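Asks: predicted structure and sequence below. I'll ask about it afterward.
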2 protein chains.
Amino acid sequence: MKSDRAGRAAEERGRKLKHGHAARRAYTIIRDDLLRDAWPSGTHLPEAELARRIGVSRTPVRDALRMLVNEGFLEYSANVGCRVRGWSEDEIESLFDLRLELESYAARRAAQRMDDVGIQELNALCDQMESIAFKVLDVPALRDDLTPLNDVFHMRIIDAAANPRLASLIKSVTAAPIVLRTYRRYDADEVARSMNHHREIVAALDAGRGEWAAAVMRAHLHAGYTAMRRGGEGKVGPMSSGR
Amino acid sequence: MKSDRAGRAAEERGRKLKHGHAARRAYTIIRDDLLRDAWPSGTHLPEAELARRIGVSRTPVRDALRMLVNEGFLEYSANVGCRVRGWSEDEIESLFDLRLELESYAARRAAQRMDDVGIQELNALCDQMESIAFKVLDVPALRDDLTPLNDVFHMRIIDAAANPRLASLIKSVTAAPIVLRTYRRYDADEVARSMNHHREIVAALDAGRGEWAAAVMRAHLHAGYTAMRRGGEGKVGPMSSGR
DNA sequence: TGCGTCCATATTGCATACAATCCTGGCAGG
DNA sequence: CCTGCCAGGATTGTATGCAATATGGACGCA
C-alpha cells in the first residue's frame, strides 16, 4: 500500500529517473534556479515545497541543499532550514581575492607539471577563442560562445596543477553566484587583452615559469573582475564564468 | 506503536540528546575515530553499522558522512558508500603546499586588519606558550599543552583575515588526518624556533607588514612540516595540529 | 499604545520501511 | 585453469511518518 503509492509516483514522473538520481536531479534544478536568480537573497527554501515541485521526497532534497550550502549558495540554520545567501560588497571582494590567490597558485604549479600535449591543447583552445573573438565586433552574440572555451582553458590549467583538493576549492569558490557574471561585458579591447593573456599564460607554462604564469593569471583575473564590477547587472545566462 | 519503539529507544540512550544533535553527535564520534586512526585507509564504512554503534538511525549518520566527505576524510562512491581515504606521499605534499599558500595568505590579509586588541591577545598567547616551552625540557609531556594554545594562535590570525570562506577552506585543508600530527616531535631547538616565529609573526602583523607576516608564516609551517615528515608515526592524540 | 507571554502552525530532524543497485561467490562452459 | 554469467546477500537511495523545534500572531497586562 505504501509501496504502491511510492511506486505509482515513481512511474508518474517518468522512467528516466533511475535509483540514485533523485538527489542529483534536485541539486541540478535548485542550483539552476539559484544561478537564474529565481529567489531574492534571504528567501527561505522549505524542503517540502522544493520536494513537491521537483517531484521527489524530502530526503534527496535535503542532500541537495546540504551540497549547495557547502558550495556557498545557501546558508543553513539548525531547525530553521536554508536561506538564499546574500553577498555584501566586502564579501564579494574577499571571495574574488581568494579566487585570485588560488587560481594563480594553480597556474604556478601547472607550470612545473604541464606536458607538451597539454600545451598543444591550450594553444588549440586559444586558436578557437581567437577565431571567435575576431568576429565578436560584428556579431556580439558570439561572446557567449567564448565563455565555455574559456572555462575549459582555465580548467585544463587547474587540472595540470595536479592537486584535486585545490581544484575542488577553486570550483567551490568560483561557483558562487556572484562570481559568475562577466565575460559578456568585455568591450573589444578587453576581449583582445584577454586573448593576449591566454597566449602569454601558455607561453609561461611552456617555459616552465611558474611565477610568470601566476603573474599573468593574476592580471587576467583582475581584468575580468574589473569588467564585472563596472556595469550594472544585465541578464546573463547561468553559465558565464567571468574568467 | 512505531512511535513507542522510537520513543523508548530515545529514552534508553539518555535524555541529553535533544532534537537536532544526533547528526552532530555522529559526526563527532566518527571524526574522532578517524583522527584516532581507528580504521586503516580504504576501509568501507557501512551506514547501518555506524548507526547501530552510535545509537542513532542511518539518516543522521548519512549527514555526518557527507560532511566528512567534503572535509576530505572520506571518499564516496554512489551506491557503494564511504571509504576511509588514503593519502599518497604526493597528495600529502600537495595538501601541505596548499595549506601553506592559504595560511600565509591569511597572515598577509590579517596584517592589514588586525587591531591592537588582537595584537595584545596574540602576545598573551605567546607569553603562555613560552612559559610552557621553557619547562618542556624538564617535562616533555607539557608539549601537549602547547598544541591547543598554538591552535588558538593560528585561529586568531585566520579570523583576523576577515574572510569566512578562507577560514573554512583552511579548516577543511587542515583537518585532514595527515596534517594533524606534529607538534610532539619538536626537539628543544625547534620549539624555541617555533616560539620565535610566533613573536616575529606578531611583530609583522603589528607593523602591518603583510608580506613579512606571510613570509614568516611560510617558514613556520615549513618547519612544522619538516618535523612531521622526519620521524615515524608515534602515538599522537587526536588534536595535535602540527602548526 | 507598547511589550511580554503563550499557543498554533509550519518546518525541520530523526526513525523506519521499502526499492534499486552493487558486489561476491559459485557454477557452467570453454 | 580461466572466463563469463547469474543469483543471493549486503548496502545504499528514497519515501514517509512522527517528534521536536522555531516562528509568528493573538492575547493579556501595564
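Replies: That came through fine.
Asks: A:Leu166: neighbouring residues, count only.
Replies: 24 (other Cβ atoms under 10 Å in any protein chain shown). Yep, even glycine has a C-beta here, placed from its N, CA and C like the rest.
Asks: who's in contact with it?
Replies: Applying Cβ atoms under 8 Å, 6 or more residues apart in numbering or on different chains to A:Leu166 gives the contacts A:Leu102, A:Tyr105, A:Ala106, A:Arg109, A:Ile158, B:Ser94, B:Leu98.
Asks: count of residues packed around the second one?
Replies: It stands for A:Tyr105. Neighbours of A:Tyr105 using other Cβ under 10 Å come to 24.
Asks: same question for the fifth one.
Replies: Around A:Ile158 sit 24 other residues, with neighbours defined as other Cβ under 10 Å.
Asks: and the one helix or strand it maps to, what other elements does it pack with?
Replies: Counting by DSSP states H and E, the element that carries A:Ile158 is helix A:143-160. Counting contacts by 3 or more Cβ pairs under 8 Å, 6 or more residues apart in numbering or on different chains; DSSP states H and E, helix A:143-160 packs against helix A:89-111, helix A:116-136, helix A:164-175, helix A:188-206.
Asks: would you turn the contacts of A:Leu166 into CSV with pLDDT and distance to B:Leu221?
Replies: Converted to CSV, the contacts of A:Leu166 look like this (pLDDT from 0 to 100; distance: Cβ to Cβ, whole Å):
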residue, pLDDT, distance to B:Leu221
A:Leu102, 98, 17
A:Tyr105, 98, 15
A:Ala106, 98, 19
A:Arg109, 98, 17
A:Ile158, 97, 23
B:Ser94, 93, 14
B:Leu98, 96, 11
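Asks: whichever of the residues you listed end up buried, select them in PyMOL.
Replies: To isolate the buried members of those in PyMOL, using 16 or more other Cβ atoms under 10 Å in any protein chain shown:
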select buried, (chain A and resi 102+105+106+109+158) or (chain B and resi 94+98)
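Asks: what's the closest of the contacts of A:Leu166 to A:Tyr225?
Replies: A:Leu102 (13.9 Å; Cβ to Cβ).
Asks: for the closest residue in space to the closest one that isn't next to it in sequence, what are its contacts?
Replies: Setting aside the residues directly before and after it, A:Leu102 is nearest to A:Ile170 in space (Cβ to Cβ, 6 or more residues apart in numbering or on different chains), at 5.0 Å. Contacts here follow Cβ under 8 Å, 6+ apart; on that basis A:Ile170 touches A:Arg99, A:Leu102, A:Glu103, A:Ala106, A:Ile158.
Asks: picking that back up, the helices and strands packed on helix A:143-160: which one's closest to DNA strand C?
Replies: Across those, DNA strand C has its closest neighbour in helix A:164-175 (20.3 Å, Cβ to the nearest atom of the strand).
Asks: buried ones in that closest one?
Replies: Applying 16+ other Cβ under 10 Å to helix A:164-175 flags A:Arg165, A:Leu166, A:Ala167, A:Leu169, A:Ile170, A:Ser172, A:Val173, A:Thr174, A:Ala175 as buried.
Asks: starting at the chain centroid, how far to that helix?
Replies: Taking Cα atoms, centre = their mean, to the nearest Å, one finds helix A:164-175 lying 9 Å from the centre of the chain it belongs to.
Asks: with stretch A:55-73 instead?
Replies: Here the centre of stretch A:55-73 is set off from its chain's centre by 18 Å, with Cα atoms, centre = their mean.
Asks: equivalent analysis for stretch A:61-79, please.
Replies: On Cα atoms, centre = their mean, the centre of stretch A:61-79 falls 17 Å from the chain's centre.
Asks: could I get that stretch in PDB with only the CA atoms?
Replies: Output of stretch A:61-79 as PDB, limited to C-alpha atoms (Å, rounded to 0.1, in the frame of the first residue of the first chain):
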ATOM      1  CA  VAL A  61      16.200  17.500  -1.500                       C
ATOM      2  CA  ARG A  62      17.900  17.700   1.900                       C
ATOM      3  CA  ASP A  63      21.000  16.100   0.300                       C
ATOM      4  CA  ALA A  64      20.900  18.700  -2.500                       C
ATOM      5  CA  LEU A  65      20.500  21.600   0.000                       C
ATOM      6  CA  ARG A  66      23.500  20.400   2.000                       C
ATOM      7  CA  MET A  67      25.600  20.400  -1.100                       C
ATOM      8  CA  LEU A  68      24.500  23.800  -2.000                       C
ATOM      9  CA  VAL A  69      25.200  25.000   1.500                       C
ATOM     10  CA  ASN A  70      28.800  24.000   1.400                       C
ATOM     11  CA  GLU A  71      29.200  25.400  -2.100                       C
ATOM     12  CA  GLY A  72      28.300  28.700  -0.600                       C
ATOM     13  CA  PHE A  73      25.000  29.200  -2.400                       C
ATOM     14  CA  LEU A  74      22.800  28.800   0.700                       C
ATOM     15  CA  GLU A  75      23.200  29.400   4.400                       C
ATOM     16  CA  TYR A  76      21.800  27.000   6.900                       C
ATOM     17  CA  SER A  77      20.500  27.300  10.500                       C
ATOM     18  CA  ALA A  78      19.600  24.300  12.600                       C
ATOM     19  CA  ASN A  79      15.900  23.600  12.900                       C
END
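Asks: is DNA strand C within reach of it?
Replies: Yes - contact between stretch A:61-79 and DNA strand C, assessed by Cβ under 7 Å from any atom of the strand, occurs at A:Arg62, A:Ala78, A:Asn79.
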